[in-house]
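> Let me see the structure of the following:
(2 chains)
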There are 2 protein chains.
Amino acid sequence: MSQRKAWRAAIVHCIADPKDVGVENAYEYFEDGLLIVDGDKISAIGHAKDLLPSLSADTLVEHHPDGVITPGFIDTHIHYPQTDMIGSYGEQLLTWLNTYTFPEEGKFHDKSHARDVADRFLQELLRNGTTTALVFGTVHKVSVEAFFEASEVHNLRMICGKVMMDRNAPDFLTDTPETSYQESKELIDTWHNKGRLHYAITPRFAPTSSDEQLKLAGKLLNEYDDVYMHTHLSENKDECAWVQDLFPASKNYLDVYDQHKLLSERSVFAHGIHLCDSEYHRLHETGSAIAFCPTSNLFIGSGLFKLSKAEEHKINVGMGTDVGGGTSFSMLQTLNEAYKVIQLQNENLSPIKSLYLATLGGAKALRLEDKIGNLAVGTEADFVILDKKATPLLTSRLALSKGIEESLFVFMTLGDDRAIKATYSAGQCVHQR
Amino acid sequence: MSQRKAWRAAIVHCIADPKDVGVENAYEYFEDGLLIVDGDKISAIGHAKDLLPSLSADTLVEHHPDGVITPGFIDTHIHYPQTDMIGSYGEQLLTWLNTYTFPEEGKFHDKSHARDVADRFLQELLRNGTTTALVFGTVHKVSVEAFFEASEVHNLRMICGKVMMDRNAPDFLTDTPETSYQESKELIDTWHNKGRLHYAITPRFAPTSSDEQLKLAGKLLNEYDDVYMHTHLSENKDECAWVQDLFPASKNYLDVYDQHKLLSERSVFAHGIHLCDSEYHRLHETGSAIAFCPTSNLFIGSGLFKLSKAEEHKINVGMGTDVGGGTSFSMLQTLNEAYKVIQLQNENLSPIKSLYLATLGGAKALRLEDKIGNLAVGTEADFVILDKKATPLLTSRLALSKGIEESLFVFMTLGDDRAIKATYSAGQCVHQR
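Numbering: from 1, shown residues only, chains lettered A, B, ... in the order given. Now for the predicted structure:
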């Protein structure tokens, strides 16, 4: 029996960064398109009228006349253990960690709790069309095991890591430089590149790691070719001042990580709001990426990410929901907030750039653009079907929209989980509304 | 047959402004409450165990074990003719008006178009739990007639007015000082205080009215005891500079309206972002109110409203969605955005203050607090039933929340139209999810 299947709908995906080639040249659009999948990979994409004749009579074609197919969304910064504390009230970063985050993360020594949360977390991601994420675990090794086991069930391309944290946190959440190195290494050896899973070495952020722990994290990163590094950078002004106090020998916040050899082509730094020019420059030079987390940055009152500075310095940028600092699993709603962050700086974020950031841009930040991020032939069939009739307001507004750019903008402005009709991972349906 | 009916659920409503009495004293909460309605008015509110015995056996009691009853929401600034242009891309205020708003508003010379949009607009408000709104029409008299006729069908307490605009706008959208005065007067005489409807004299904003038109608007306002005045104030910096150019004799933006006698206890100014101390002072002195429109202020990139300045000057403040500059009809989502605006200024917005702004605070801004805005005995039975199990995420998050303040905050952070199980106006169900 053939494993070929096809989906007929409007199809849009990015093929380049709009900043490099202009908006018009950055995407392909098929108003009545066909996406053909063989097994877990995309084997053809194009106009339905061109491709339909090539299909054998027994190929199943799903037709979605009100659908828009896009690549699965990529979330480059999120904390799965914070699922149950989403929408916690009233604090900025440092107090927020102590008041809400640390007590919640304490529960993840229990693997069955971790697995329960991981399952619900993945359901939320898939309901919202996100097929790949770069995910924080907790300090507990079992938290990462539970997450990878839950991800394997759906054959998702996921990246996760155990938090390394040996100071400035409650005792029940700290490890030591040696145990963090050892446990991370064991997790890498078991899980990294197993199926579609990858490992990220995950020091929480500079203030909760000693020099020795950061040094061992850097050592570990350099022992492997393609392991990730995932941490926070320059989110909040009090945090930045604290880092300066804790690491008086560092030139700036990024330099703390740099001194410990934690910058690399697979290093992703969440936030990066309050950076100086030399930090932007060094991020570029090392091929490191930034996760732009607008909802979280507004909700915790951290500040406004300067996308144009990152562009100017040619830094790879992906989108992050940063749940639970962010308050939505929805990449569409996250792009709505991104638009506002840019508007407040008197600049514009085009819907194609937004789509890019949430798909191919995220894939490039994660060095996975040969596998995911767009719908090119040969890539993995991770995609979503958006529904133009998901709500009364989307229905009436999209009926009046002119062209795919405006339609995408409307989805990003008015859409939420309901706009995701179905989510596919490696060719298999993993969510249906 | 008795017109008595009762609803059993958690009930919460504000009885004062938290800034005056403290958060704890600003609200009443009944964990297992009963709301009794006779005809269109509330006749009792309290603990179910106290009130149930007083009911006769044939009184219908609706029980919502997962429900939270709050007053209907009050939207103090919204444009119904912009329903179909919600989520328009890429501009700040002045270009946005010319590119999107004016062409759209041009369609409202046609009463059947106006009625169609008014009906859909009201459905969206009711789906989102909003029972009263202060609403812009267009320059066309028929736009307001269509709106009032549509509102009468549901017996809603609504306020609307014809836009007065005699310059700096396309010909097809301008009136003259005399026709705007005359048509507004005719609308007042027909509709003001008819059933639950009220009229608002509605100069769009200073730049689109001549001195003569503003003067006649002020004359009209002072011919009636209780007619409203509704306009925009200090939303965008370019707008402020333009007002200074157009009215060189004015001390500041507000002073343009003040010189034309447009400040009053029933005057509501949308936005008020870039105000100086003397403007805050003069708003207070005249009993004028501000509509705080956070979603719009972020989406159009206008800036951050200074709620603490308004509080310091004891100015009445209500919430506005400002659709179509705002991108959501949901008061819950609007409060989410309000929280972010305040966080970005390193302050906090408590969930009780948010509830206050969206209900009793809005009612006070509109001088309707004897009729709507809370659930006091004798007031009109405008209320909503929130559903703690509206989505999987709300269900799991609310199951962990401790107390009504946290629950409200979760509703305001994660909730949308789905969280509104039912909406009642004057005791009648006007929306059921």
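> quick one: buried residues of the lowest-mean-pLDDT helix or strand in chain A?
Here the helix or strand of chain A ranked lowest by mean pLDDT, DSSP states H and E is helix A:93-96, holding a mean of 84. Judged by neighbour count using 16 or more other C-beta atoms under 10 Å in any protein chain shown, the buried positions of helix A:93-96 are A:Leu93, A:Trp96. To be clear about C-beta, it is placed using only N, CA and C from the backbone, and glycine gets the same treatment.
> touching chain B at all, it?
No - on the criterion C-beta under 8 Å from any C-beta of the partner chain, helix A:93-96 is out of touch with chain B, staying 10.8 Å away.
> give me the low-pLDDT residue ranges for the stretch 101-250 of chain A?
In the prediction, the stretch 101-250 of chain A carries no residues with pLDDT under 70.
> Now do the same contact list for A:Ala16.
Each residue near A:Ala16 by C-beta atoms under 8 Å, 6 or more residues apart in numbering or on different chains is listed here: A:Asn25, A:Ala26, A:Leu360.
> Pull the number of nearby residues for A:Val384.
Residues lying near A:Val384 (other C-beta atoms under 10 Å in any protein chain shown) number 26.
> Quick check: which element contains the closest residue to A:Lys261 other than its chain neighbours?
Spatially, and ignoring its direct neighbours in sequence, A:Lys261 is nearest to A:Gly218 (3.5 Å; C-beta to C-beta, 6 or more residues apart in numbering or on different chains). Counting by DSSP states H and E, the element that carries A:Gly218 is helix A:211-223.
> Packing partners of that helix?
If contacts are counted by 3 or more C-beta pairs under 8 Å, 6 or more residues apart in numbering or on different chains; DSSP states H and E, helix A:211-223 sits against helix A:177-191, strand A:197-203.
> who wins for proximity to A:Gln432 among those?
Closest to A:Gln432 of the helices and strands packed on helix A:211-223 is strand A:197-203 (C-beta to C-beta; 23.9 Å).
> A:Asn193 is in contact with A:Phe148, correct?
No - applying C-beta atoms under 8 Å, one finds A:Phe148 not in contact with A:Asn193, separated by 11.7 Å.
> Can you name the residue of the stretch 1-150 of chain A nearest chain B?
Distances between the stretch 1-150 of chain A and chain B by C-beta to the nearest C-beta are smallest at A:Gly87, namely 3.6 Å.
> who's in contact with the residue nearest to that residue when sequence neighbours are not counted?
Using C-beta to C-beta, 6+ apart and skipping residues adjacent in sequence, the residue nearest A:Gly87 is B:Thr413, 3.6 Å away. By C-beta under 8 Å, 6+ apart, B:Thr413 lies in contact with A:Ile86, A:Gly87, A:Phe299, A:Thr327, B:Asn336, B:Tyr339.
> coming back round to it: got a pLDDT number for the residue of the stretch 1-150 of chain A closest to chain B?
If you check A:Gly87, the pLDDT there is 92.
> related to what we said a few turns ago, return the list of helices and strands in contact with the least confident helix or strand of chain A.
Counting by 3+ C-beta pairs under 8 Å, 6+ apart, helix A:93-96 packs on helix A:237-246.
> Name the residue most distant from the centre of chain A?
Within chain A, the residue lying farthest from the chain centre (C-alpha atoms, centre = their mean) is A:Ala57, at 38.6 Å.
> ok, back up a step: between the helices and strands packed on helix A:211-223, which one is closest to A:Thr295.
Nearest of the helices and strands packed on helix A:211-223 to A:Thr295, taken as C-beta to C-beta: strand A:197-203 at 21.2 Å.
> Report the angle between that closest one and helix A:211-223.
Per axes from the mean of the first three to the mean of the last three C-alpha atoms, to 10 degrees, the angle that strand A:197-203 makes with helix A:211-223 is 150 degrees.
> Note down every partner strand of strand A:197-203 and its orientation.
Its sheet considered, strand A:197-203 pairs with strand A:158-161 (parallel), strand A:163-164 (parallel), strand A:228-233 (parallel) by DSSP bridges.
> Mean neighbour count for those strands - can I get that in JSON lines?
Output for the strands paired with strand A:197-203, formatted as JSON lines (neighbours: other C-beta atoms under 10 Å in any protein chain shown):
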{"stretch": "strand A:158-161", "mean neighbour count": "26"}
{"stretch": "strand A:163-164", "mean neighbour count": "28"}
{"stretch": "strand A:228-233", "mean neighbour count": "26"}
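> Burial check on A:Thr174, number of neighbours?
19.
> Is it in contact with A:Met164, as I believe?
No - A:Thr174 lies out of contact with A:Met164 (C-beta under 8 Å); the separation is 9.6 Å.
> Determine the longest helix present in chain A.
With secondary structure taken from DSSP state H, chain A has its longest helix at helix A:111-127.
> now the residue minimising distance to the centre of chain A, what's its secondary structure?
By C-alpha atoms, centre = their mean, the mean C-alpha position of chain A lies nearest to A:Asp75, the distance being 1.5 Å. Under DSSP: H, G, I helix; E, B strand; the rest coil, A:Asp75 falls in the strand class.
> Can you give me the end-to-end span of stretch A:101-112?
19 Å (C-alpha to C-alpha, to the nearest Å).
> Buried residues in that stretch, which are they?
Within stretch A:101-112, the residues scored as buried using 16+ other C-beta under 10 Å are A:Thr101, A:Phe102, A:Glu104, A:Glu105, A:Gly106, A:Lys107, A:Phe108, A:His109, A:Lys111.
> Please apply the same query to stretch A:310-330.
Here stretch A:310-330 shows A:310, A:313, A:315-330 as buried, counting by 16+ other C-beta under 10 Å.
> For the helix holding A:Gly218, which outside residues touch it?
Here helix A:211-223 has contacts from A:164-166, A:176-178, A:180-181, A:184-185, A:188, A:201, A:203, A:206, A:209, A:227, A:229, A:247, A:256-257, A:260-262, A:264, A:267, using C-beta under 8 Å, 6+ apart.
> For PyMOL, write a command that selects the buried ones of those.
Listed next is the PyMOL selection for buried residues among those, using 16+ other C-beta under 10 Å:
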select buried, chain A and resi 164+165+166+177+180+181+184+185+188+201+203+206+209+227+229+247+256+257+260+261+262+264+267
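> Quick check: the gap between A:Cys171 and A:Val139.
Wrong residue type there; residue A:171 is Asp, not Cys. Noted for A:Asp171: a distance of 11 Å to A:Val139, by C-beta to C-beta, to the nearest Å.
> okay, the two: which has more neighbours?
Shown here are A:Asp171 and A:Val139; by other C-beta under 10 Å, A:Val139 has more neighbours (28 against 5).
> And what about that one, helix, strand or coil?
coil.
> average pLDDT across the strand or helix carrying the residue nearest to A:Gly87?
Following DSSP H and E, one finds B:Thr413 within helix B:403-414. Mean per-residue pLDDT for helix B:403-414: 97.
> Same question for stretch A:299-311.
For stretch A:299-311, mean pLDDT is 97.
> buried ones in it?
Residues A:Phe299, A:Ile300, A:Gly301, A:Ser302, A:Gly303, A:Leu304, A:Phe305, A:Lys306, A:Leu307, A:Ala310 are the ones in stretch A:299-311 that count as buried (16+ other C-beta under 10 Å).
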